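Asks: A structural model of the following input is requested.
(chains A, B, C and D)
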2 protein chains.
Amino acid sequence: MERIAEGEYAVMEVLWDEAPLTAADVAARVPEDRGWSLATVKTMLSRLLAKGVLSHEEDGRRYLYRPAIRREDYVAEESGRLIDRMFGGRVPALVAQLAARDKLTPADIAEIEKLLKELKS
Amino acid sequence: MERIAEGEYAVMEVLWDEAPLTAADVAARVPEDRGWSLATVKTMLSRLLAKGVLSHEEDGRRYLYRPAIRREDYVAEESGRLIDRMFGGRVPALVAQLAARDKLTPADIAEIEKLLKELKS
DNA sequence: AGGGATGAATTACACATGTAATCGACAGGG
DNA sequence: CCCTGTCGATTACATGTGTAATTCATCCCT
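Replies: So this is what the prediction gives:
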């Protein structure tokens, strides 16, 4: 699966949330703080099409875009990449790191423990 | 903290593992499969210096390079970035994802549970 | 002392990415 | 039927990145 750049990812998020959409619709839904023009969004859409992670169907003179890959799949791949690179593929090392940095609230801990307990059953 | 590119990260890894080192030493320790020439490694070193994530001291005609940032800090930042982007900042969502993908071995689960238990005490 | 080896610095070049502007086609309103 | 707005496609351009080669100074060996 092709790599998706940071900015492009914002576009994917929009389409994972709702699809199909026209270019204009996507632009309208991209987070404000990006400050992107419609032209920029269109560039992103073309590049994502070229990467094969979006598909489009014609709707008259416009395109309707929709994701061609599943969010879960992409997220899984990226997470795996990070865990491999930074933690030698060891998930516990990641968790230990988060713990050491106080990234885990008591609620997080409880939730994760629950998850793991269910996994074992 | 400046972003470190994927290739550059490989150089940082070498220096986090052992420092200070000369450019030639770094090149010798970079993973084989990168297939980098000495010149490439030197480019990386210059860029990392420019980014302020390495420092160097002169040793006669050569430089000795050493990390200027701590590995844990960088790793923490990158992990946080990914968790924010892909899991809305929710660590349990990441763990759930890993679980759903069978990325957690029974040993991993046990280890994480142990970690969390200690956290609570 | 001269010549090759070696160091860092400078330059090179293609592809990716962020961020558009412009172009040519065409649809719809007056 | 013509004008204007809108569409995707093409082009633009700066910066980052991968991957070096080249240059210029200097050290060491013979």
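
Asks: residues from chain A in reach of DNA strand C?
Replies: Chain A comes close to DNA strand C at residues A:3, A:5-8, A:34-37, A:39-40, A:42-44, A:47, A:60-61, as judged by CB under 7 Å from any atom of the strand. C-beta: built from backbone N, CA, C; applies to glycine.

Asks: Can you tell me which of these are buried?
Replies: Among the residues of chain A next to DNA strand C, those classed as buried by 16 or more other CB atoms under 10 Å in any protein chain shown are A:Glu8, A:Trp36, A:Lys42, A:Met44, A:Arg47.

Asks: now the residues you listed as JSON lines including distance to A:Glu77?
Replies: Converted to JSON lines, those look like this (distance: CB to CB, whole Å):
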{"residue": "A:Glu8", "distance to A:Glu77": "15"}
{"residue": "A:Trp36", "distance to A:Glu77": "25"}
{"residue": "A:Lys42", "distance to A:Glu77": "26"}
{"residue": "A:Met44", "distance to A:Glu77": "20"}
{"residue": "A:Arg47", "distance to A:Glu77": "18"}
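
Asks: since we're on A:Glu118, how many residues are nearby?
Replies: Other residues within reach of A:Glu118, judged by other CB atoms under 10 Å in any protein chain shown, total 9.

Asks: Just the buried positions in the lengthiest helix in chain A, please.
Replies: Criterion DSSP state H: the longest helix present in chain A is helix A:71-87. By neighbour count on 16+ other CB under 10 Å, the buried set for helix A:71-87 is A:Tyr74, A:Val75, A:Ala76, A:Glu78, A:Ser79, A:Gly80, A:Leu82, A:Ile83, A:Met86, A:Phe87.

Asks: now that helix, how far from the chain's geometric center?
Replies: In terms of CA atoms, centre = their mean, to the nearest Å, the centre of helix A:71-87 is found 11 Å from the chain centre.

Asks: quick one: average confidence on that helix?
Replies: For helix A:71-87, mean pLDDT rounds to 97.

Asks: Restricting to C-alpha, output it in PDB.
Replies: Taking Å, rounded to 0.1, in the frame of the first residue of the first chain, the C-alpha atoms of helix A:71-87 are listed here in PDB:
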ATOM      1  CA  ARG A  71      -9.000   3.200   7.300                       C
ATOM      2  CA  GLU A  72      -8.300   0.300   9.700                       C
ATOM      3  CA  ASP A  73      -5.900  -1.200   7.200                       C
ATOM      4  CA  TYR A  74      -4.000   1.900   6.700                       C
ATOM      5  CA  VAL A  75      -3.900   2.800  10.400                       C
ATOM      6  CA  ALA A  76      -2.700  -0.800  11.200                       C
ATOM      7  CA  GLU A  77       0.100  -0.500   8.700                       C
ATOM      8  CA  GLU A  78       1.300   2.900  10.000                       C
ATOM      9  CA  SER A  79       1.100   1.800  13.600                       C
ATOM     10  CA  GLY A  80       3.100  -1.300  12.800                       C
ATOM     11  CA  ARG A  81       5.700   0.700  11.000                       C
ATOM     12  CA  LEU A  82       6.200   2.900  14.000                       C
ATOM     13  CA  ILE A  83       6.300   0.100  16.400                       C
ATOM     14  CA  ASP A  84       8.800  -1.700  14.300                       C
ATOM     15  CA  ARG A  85      11.000   1.300  13.800                       C
ATOM     16  CA  MET A  86      11.000   2.800  17.300                       C
ATOM     17  CA  PHE A  87      10.200  -0.200  19.500                       C
END
